[in-house]
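Participant: For reference, the sequence and a predicted model appear below.
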Amino acid sequence: MNNFIRLAVMWIVGGAIYPFLSEVTSSVDLLNIIFIRSVGAAAILLTAVALVMPRSFKLIRFDKQLLMLCGTGLIFSPICSGAVAWASSKEPGAVISLTYSILPALAVVYAAVQGSKPTRNSVIGVAIATLSVAFLIGAPSESVSAVGITVAFLSVIAWFIGTQIWIKYPPTYPILLATAIQVSISAIAAGLLKLFISTPAIKSADILNFNMIFLIFALAAQYWAYMGLADRVSPELLTSFAFINPLVAGAIGYVVFSQSVSQIQVIAGAILLVGVYIVVREDLKKTKKA
């Protein structure tokens, strides 16, 4: 049940981030966004640890485990989140979310190289979803630039590298504590960047508005969900959020922010869901056999 809750968070909350992020970047400095989100998410996760498992703080040691969390924390933010925020300031949120659709293909290829052969149906599901995403990227309702998409792809690569480090060196701490430490490291890094990079002063209006508050809670929830799933499900299912997110981003962009959606995007979205269904069904089969 916990895995399905985490998947739902990655699918729905993860997709909702992009249109809200595009909206916030129009009025708040990029580094300030990263700093506010990281500090806010770290505060939420640390509070959760203090309430649920306060004694777990005693497990923290200055060792390789902590170094690994520092490394992944810096990769996910400010590197990855910074690239996404910058790209979202240049392109529609739904388009940026589409770039993450290469994650499942990367995961399948990487797993095969590592000797973990994916099933035929998993490959078929990923292929169907990837092809439908190609139609979505090829028919954006708004103009896009090569620079914006390139930076978004760089954020995808950073996310993939961070994930592989997390999987290869799984934390011995409880997931909630490990995630809280990782996000806290990201917040410290963003704070240090602000010392050396001139940015506008953070105003109360930058924080106390629905869009930013949502982005803060969404970041905390997204990291908790993703890190908890990293070594519990197949690579295909773990990265399936990359297929669902564009649909959620597009729907929210259309309903909340009045962004247009073309007919071909609707059709491609329906085909995409078929591919995701195949991937999820195949993962459930493997889980039952195990």
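Facilitator: Nice, thanks for sending it over. Being a predicted model, the structure only gives us computed values, none of them experimental.

Participant: okay, CA-based contacts and neighbour counts for the rest of this
Facilitator: Noted.

Participant: low-confidence ranges in this protein?
Facilitator: The chain contains residues with pLDDT under 70 at 1, 91-95, 98, 129-145, 236, 257-269, 272-273, 275-277, 279-290.

Participant: Do a quick rundown of the helices in the stretch 101-250 of the chain.
Facilitator: Counting by DSSP state H, counting those that start in this stretch, the stretch 101-250 of the chain has helices at residues 102-113, 120-138, 146-168, 175-196, 204-207, 210-229, 235-238, 241-255.

Participant: Which among the ones you listed is found nearest to residue 47?
Facilitator: Closest of the helices of the stretch 101-250 of the chain to residue 47 is helix 175-196, at 9.0 Å (criterion: C-alpha to C-alpha).

Participant: angle of that closest one against helix 210-229?
Facilitator: 130 degrees (axes from the mean of the first three to the mean of the last three C-alpha atoms, to 10 degrees).

Participant: And for helix 175-196, what's in contact with it?
Facilitator: 31-32, 34-35, 38-39, 41-43, 45-46, 48-49, 56-57, 69-70, 72-74, 76-78, 171, 223-224, 227-228 (C-alpha atoms under 8 Å, 6 or more residues apart in numbering).

Participant: what sits against residue 40?
Facilitator: Neighbour list for residue 40: 216, 217 [criterion: C-alpha under 8 Å, 6+ apart].

Participant: rerun that using 6 Å as the cut-off
Facilitator: Counting by C-alpha atoms under 6 Å, 6 or more residues apart in numbering, residue 40 makes contact with residue 216.

Participant: Can you name the element that comes right after the helix or strand that residue 14 is a member of?
Facilitator: Assessed by DSSP states H and E, residue 14 sits inside helix 14-24. Downstream of helix 14-24, the first helix or strand assigned by DSSP H and E is helix 30-52.

Participant: for the helices of the stretch 101-250 of the chain, which one sits closest to residue 96?
Facilitator: Once those are compared by C-alpha to C-alpha, helix 146-168 is nearest, at 6.3 Å.

Participant: what comes up buried for the closest one?
Facilitator: Counting neighbours by 16 or more other C-alpha atoms under 10 Å, one finds that the buried residues in helix 146-168 are 148-149, 151-160, 162-164, 166.

Participant: Check stretch 24-41 too.
Facilitator: For stretch 24-41, the neighbour count (16+ other C-alpha under 10 Å) marks 24-25, 28-41 as buried.

Participant: So what's the residue count around the closest residue to residue 153 other than its chain neighbours?
Facilitator: Nearest residue to residue 153, sequence neighbours excluded (C-alpha to C-alpha, 6 or more residues apart in numbering): residue 99, at 6.0 Å. Residues near residue 99, counting by other C-alpha atoms under 10 Å, number 23.

Participant: and if you look at residue 232?
Facilitator: Residues near residue 232, counting by other C-alpha under 10 Å, number 13.

Participant: cool, and residue 88?
Facilitator: 29.

Participant: what helix or strand is it on?
Facilitator: Using DSSP H and E, the element containing residue 88 is helix 81-90.

Participant: Which residues outside that helix are in contact with it?
Facilitator: Outside helix 81-90, the residues that reach it (C-alpha under 6 Å, 6+ apart) are 22, 25, 148, 151, 152, 155.

Participant: ok, residue 77 - contacts?
Facilitator: Contacts of residue 77 by C-alpha under 6 Å, 6+ apart are residue 186.

Participant: sorry, back to before: buried sites along the helix holding residue 14?
Facilitator: Buried, per 16+ other C-alpha under 10 Å, within helix 14-24: 14, 15, 16, 17, 18, 19, 20, 21, 22, 23, 24.

Participant: Packing partners of it?
Facilitator: Packing partners of helix 14-24 (3 or more C-alpha pairs under 6 Å, 6 or more residues apart in numbering; DSSP states H and E): helix 93-99, helix 241-255.

Participant: got a markdown table for those helices, with distance to residue 270 too?
Facilitator: Below are the helices and strands packed on helix 14-24 laid out as a markdown table (distance: least, C-alpha to C-alpha, whole Å):
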| stretch | distance to residue 270 |
| --- | --- |
| helix 93-99 | 15 |
| helix 241-255 | 9 |
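
Participant: where's residue 183 relative to residue 189, distance?
Facilitator: Separation of residue 183 from residue 189 (C-alpha to C-alpha, to the nearest Å): 10 Å.
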